[in-house]
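Chemist: Got a predicted structure plus its sequence, pasted below:
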Amino acid sequence: MFFMGLLMAVPETDPQEEMGDEKLLLQTAEGDRTAFEKLYRNTYRKVYSYILSLMKNPTEADEILQETYMKIWTSAKSYQPQGKPLAWMFTIARNFCYMAFRARKRESDLNLEELSEGELVDHCTQLEDAADRDALNAALNILGEDERKIVLLHAASGMKHREIADAMELPLSTVLSKYNRAMKKLQKYLREEG
């Protein structure tokens, strides 16, 4: 994969030497591939977690992550410095997620009678794979959209609450409140289902 190659190409750097993501994004806009590679390394876990919180499907999330970073590379010149490059990147990712939702809806509108036997088997396999993720999705589905995003960004990517607040453009107190409320909901759900 293109981005896995990027990770191999850039040696690990000392955190003190790393430039801010905004500066890296501005250098990317000038065509600096090394800056783009560092930007990817600094942000891909957070962006992936955000995408996964929306898509709830790791395979789709991987594809959208690829598309997101390709768009970041090609659109970096349109970024307006405002101190929130991650929010700009999340917007790109969210747009790709919404496009995937629309495509998924069009596919689901297919009439089962129109499917060949091979296509029907493929759809059944996809349904079986989805059943394996149902337990996790059931727990996450009891949360509101913002709560789910906050929990996944904090738990899966290790973002601090302040970073999440900046990225989602919410007050820190709101993020903390939603996180605590979500954790209580999850604990209650797990006690009842366990």
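Modeler: Right, received. Where do you want to start? Bear in mind the structure is a predicted one, so any value in this text is a computation, not a measurement.
Chemist: measure the residue nearest the centre of the chain to Ile64 for me?
Modeler: With distances taken as Cα atoms, centre = their mean, the residue of the chain nearest its centroid is Ile51 (2.0 Å). Using Cβ to Cβ, to the nearest Å, we find Ile51 at a distance of 5 Å from Ile64. From N, CA and C alone the C-beta is placed, and that goes for glycine too.
Chemist: Touching both of these two, which residues are there?
Modeler: Both Ile51 and Ile64 are in contact with 93, 96-97, where contact means Cβ atoms under 8 Å, 6 or more residues apart in numbering.
Chemist: Could you dump those residues into TSV and include secondary structure and distance to Asp21?
Modeler: Shown next, in TSV, are the shared contacts of Ile51 and Ile64 (DSSP: H, G, I helix; E, B strand; the rest coil; distance: Cβ to Cβ, whole Å):
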residue	secondary structure	distance to Asp21
Ala93	helix	15
Phe96	helix	19
Cys97	helix	21
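Chemist: from these, which is closest to Lys46?
Modeler: Distances from Lys46 to the shared contacts of Ile51 and Ile64, taken as Cβ to Cβ, are shortest for Ala93 (9.9 Å).
Chemist: Could you tell me how many residues sit around that closest one?
Modeler: Applying other Cβ atoms under 10 Å, we find 25 residues neighbouring Ala93.
Chemist: hang on, isn't it packed against Ala61?
Modeler: No - with contact defined as Cβ atoms under 8 Å, Ala93 does not reach Ala61; the gap is 9.4 Å.
Chemist: what do those two both touch?
Modeler: Listed as contacting both Ala93 and Ala61 by Cβ under 8 Å, 6+ apart are Ile51.
Chemist: picking that back up, out of the shared contacts of Ile51 and Ile64, which is nearest to Asp166?
Modeler: Lowest distance from Asp166 to these (Cβ to Cβ) belongs to Ala93, with 15.6 Å.
Chemist: and Val151, how far is that from Met159?
Modeler: Plainly put, Val151 is 11 Å away from Met159 if you go by Cβ to Cβ.
Chemist: again with Asp62
Modeler: When Cβ to Cβ is applied, the distance between Asp62 and Met159 equals 19 Å.
Chemist: So if I had to pick from these two, which one is more boxed in?
Modeler: For the pair Asp62 and Met159, the greater number of neighbours falls to Met159 (22 against 16), based on other Cβ under 10 Å.
Chemist: Quick one: low-confidence residue ranges for the protein.
Modeler: Within the chain, the set of residues satisfying pLDDT under 70 comprises 1-19, 106-137, 194.
Chemist: just the helices in it please.
Modeler: 2-9, 21-29, 33-55, 58-75, 85-108, 117-132, 134-141, 145-157, 161-168, 172-193 (DSSP state H).
Chemist: list the helices and strands the last one packs on?
Modeler: Using 3 or more Cβ pairs under 8 Å, 6 or more residues apart in numbering; DSSP states H and E as the contact criterion, the secondary-structure elements in contact with helix 172-193 are helix 134-141, helix 145-157, helix 161-168.
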